[in-house]
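Participant: Need the 3D shape of this:
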Amino acid sequence: MAERAARSVRLWSPKLAWEERANGEFIIWREDPLGPYPRRLNERLIHWAQVAPDRVWMADRQGIGPWRKVTYAEALDRVRRIGTFLLAAGLSAEKPLVILSENSIEHALMALGAQHVGVPSAAIAPAYASATSGFAKLREIAGQIVPGMVFADDGTAFAPAVDAVFGADMPLAAQRNLPAGRGNTHTFETIVATEPTAAVDDAFAATGPDTVAKFLFTSGTTGAPKAVIQTQRMLCSNQEMIADCYAFMRDEPPVVVDWAPWNHTASGNKVFNLTIYHGGSYYIDRGKPSPALIGQTIANLREIAPTWYFNVPAGFEMLVGVMREDEQLRRTFFSRLNMLMYAGAGLAQHSWDALVELSEQTLGERVPLTTGLGSTETGPFALYCTEPQDGPGNIGIPSQGVVVKLVPIDGKYELRLKGPNVTPGYWRNPKLTAEAFDEEGFYRIGDAVKFARPGDPRAGFYFDGRTAENFKLDTGTWVAVGVLRAQVVNQFGGLIRDAVITGENRAELGALVVPFMPALRELVGEPDLSDAEVLGHGKVRAALAERLAAHQRAASGSATRIRRVLVMDEPLRFEKGEVTDKGSINQRAVLAQRGALVEALYAGGPGVIQVDGGLRHEDRWCERSGDGGAVRGLARPRRGCWHGRVRRCMCSTATGTRPRPWPARSARWHWWAT
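Facilitator: Below you'll find the predicted structure:
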């Protein structure tokens, strides 16, 4: 596919340099330097309010109603009013603004108003304020920052969480529904009615590159959420890196239609700030990549044509299915699209192929399909791939200003990063901060990578697993969980959304899989069945078994071969940390919360799918010892033995069956199956 005609889009022209150290480490950097960037992000808001005051900055709507729009001039006016109010209320760097709200125009204005006057904000996932969780995650966050005010989308709905965690005397501002009888509350309308004073301009002038703009909390993959400091230098330098890569945005202000939550770095930093930096327009999509909410996304994309579009693989999977049948959606979506980006998980090859096919069918040319790698601690933009690829996976090369260090560990390269986009650390946690950086000041991102072309960074890199997720089988063999999860999702051909890999300190790998219900329902073809009936349907189990067998045949060894799967029939729980609100699975949290499912998986309980298609086994070999088919295992590997777990003999003398391909020395060697 890399040879097919591609849409002409202006992108970066990187000049890469590197050195290999005597200890095997690689240091990789860009010879083309990072360009100048503003001291604080709101300089760009001021610029566009002057240059294009009537241009739409942000738009929002419920359902398919009319868009509620705010221009750049209106945005700056409200930001100054909010900043004045927050200063008068006593907020500061030590008393930040906590935001408990879905994406909304009011949420955006409150965050920009706070950072305009040097007050950090912290957007918190609204689900953390769910009473069913006992506010556990919110309490962990409250232990790290002490807010001066909480802004909530719905005051009545969130007041119980605010009172329980932060105290009934905590000032509460709300877009709507102030709780009756509670003191120290403010409506959004009251806040934006504040007349700006000279104090707001003085406070803005006092901010600079080292000012803390916001706190972003990681999703807690390896523990409790951590308050990652986001400085103005981080945000602004990161946007200049993006502007270098997405050079077409310097020529045409971007239009984005985006659903991803602002309490995550992908949209909360990159997409949110990208429009402000380039004077673009942000259309808030209140849909999500779920069967219940994808209709809202489709309605928005039928009407608004993005110039750059980001989604997670599950979202693209759903869009592809609709676009095949919906010409209006397809034509609007691709009409002025310069680039597609996937992130959050590995994109399956069939989804990649479908997006290429649909763009060529609609436009006669291929829209660039891209990805990269970064984290909350890196702004997030750090590595990116713009070179045409035949399939997903290449995460690209370093951005301008970013220096990469590759440290060889256990046959992999651990990735470490340095640059102005990297956080100075974690709020009020010097120990955690010190542990996050190595002796040369490189941030330990926790990912492993491998060269796309050995020894040549110019071809980019492939993600090679999260070091915190990887584990060993009982043989001592390391399992690269992230890579294997992506492979399995791809090999199951759209029937599953994700997988949690099991097998730590066990003899073999298994997987708890998240079903993709639209695809399974289409496979069954009986619309009136419940989800449970669909998951237990013979067609579904047969299809999953077939995909599992194909996966096993393609596997290269015990560390890449899943022997059994169990479909999770209960949704992952956000409040328990099993999944983020953008759909990324927390592998370790799922394993910790669902230990009973793991035990059922290995006990072969109801619902477990287990196949064995004649697989080469590396760990032991078997020798026939008699006409009855008895065997003895010998503790050394040998080619020619085809078997699964040693349970019952399947040799020709015992049962009259044997696997294919059968080893040449079939008189001596035979097969074992589960």
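Participant: which other residues reach stretch 415-424?
Facilitator: 34, 228-231, 233-234, 237-238, 241, 373, 376-379, 381-382, 398-399, 401-407, 433, 438, 440-445, 447-449, 461 (Cβ atoms under 8 Å, 6 or more residues apart in numbering). Any C-beta I mention is one placed from the backbone N, CA and C, and that applies to glycine too.
Participant: Narrow those to those that are buried.
Facilitator: 34, 228-231, 233-234, 237-238, 241, 373, 376-379, 381-382, 398-399, 401-407, 433, 442-445, 447-449, 461 (16 or more other Cβ atoms under 10 Å).
Participant: Go through those residues and flag which are in strands.
Facilitator: Counting by DSSP state E, the part of those found in strands is 228-231, 373, 381-382, 398, 403-407, 443-445, 447-449, 461.
Participant: list the buried ones in stretch 289-305?
Facilitator: Neighbour counts over stretch 289-305 (16+ other Cβ under 10 Å) mark Pro289, Ile294, Gln296, Thr297, Ile298, Ala299, Asn300, Leu301, Arg302, Ile304, Ala305 as buried.
Participant: Out of these, which is nearest to Gly315?
Facilitator: Pro289 (3.4 Å; Cβ to Cβ).
Participant: Quick one: residues contacting the closest one.
Facilitator: Pro289 neighbours (Cβ under 8 Å, 6+ apart): Trp259, Thr297, Asn311, Val312, Ala314, Gly315, Glu317, Met318, Gly583.
Participant: Lowest-confidence one in those residues?
Facilitator: Least confident entry in those, by pLDDT: Gly583, with 68.
Participant: quick one, helices of the stretch 401-550 of the chain?
Facilitator: Secondary structure of the stretch 401-550 of the chain (DSSP state H, counting those that start in this stretch): helices at 430-436, 481-491, 517-524, 531-535, 538-554.
Participant: Now tabulate those in a markdown table and tack on mean pLDDT and distance to Val271.
Facilitator: Listed next are these as a markdown table, based on pLDDT from 0 to 100; distance: least, Cβ to Cβ, whole Å:
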| stretch | mean pLDDT | distance to Val271 |
| --- | --- | --- |
| helix 430-436 | 96 | 25 |
| helix 481-491 | 87 | 23 |
| helix 517-524 | 91 | 26 |
| helix 531-535 | 92 | 32 |
| helix 538-554 | 93 | 34 |
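Participant: and Arg68, which of the ones you listed is closest to it?
Facilitator: helix 517-524 (30.8 Å).
Participant: could you give the angle of that closest one to helix 538-554?
Facilitator: Interaxial angle, helix 517-524 versus helix 538-554 (axes from the mean of the first three to the mean of the last three Cα atoms, to 10 degrees): 110 degrees.
Participant: Mind listing what's buried along helix 517-524?
Facilitator: Neighbour-count burial for helix 517-524 [16+ other Cβ under 10 Å]: Ala519, Leu520, Arg521, Leu523, Val524.
Participant: and the residue lying closest to the first one once chain neighbours are set aside, how many neighbours does it have?
Facilitator: I take that to be Ala519. Nearest-residue entry for Ala519: Gly494, 4.9 Å, with adjacent residues in sequence omitted and distances by Cβ to Cβ, 6 or more residues apart in numbering. Using other Cβ atoms under 10 Å, Gly494 has 21 neighbouring residues.
Participant: quick one, what contacts Gly494?
Facilitator: Glu317, Ala348, His350, Ser351, Phe516, Ala519 are the contacts of Gly494 under Cβ under 8 Å, 6+ apart.
Participant: Is the first one located within a helix, as I assumed?
Facilitator: If I follow you right, that is Glu317. Yes - counting by DSSP: H, G, I helix; E, B strand; the rest coil, Glu317 is located in a helix.
Participant: Could you look up the SS state of the closest residue to it other than its chain neighbours?
Facilitator: Distance criterion Cβ to Cβ, 6+ apart; nearest residue to Glu317, sequence neighbours excluded, is Ser351 at 5.5 Å. Going by three-state DSSP, the secondary structure assigned to Ser351 is helix.
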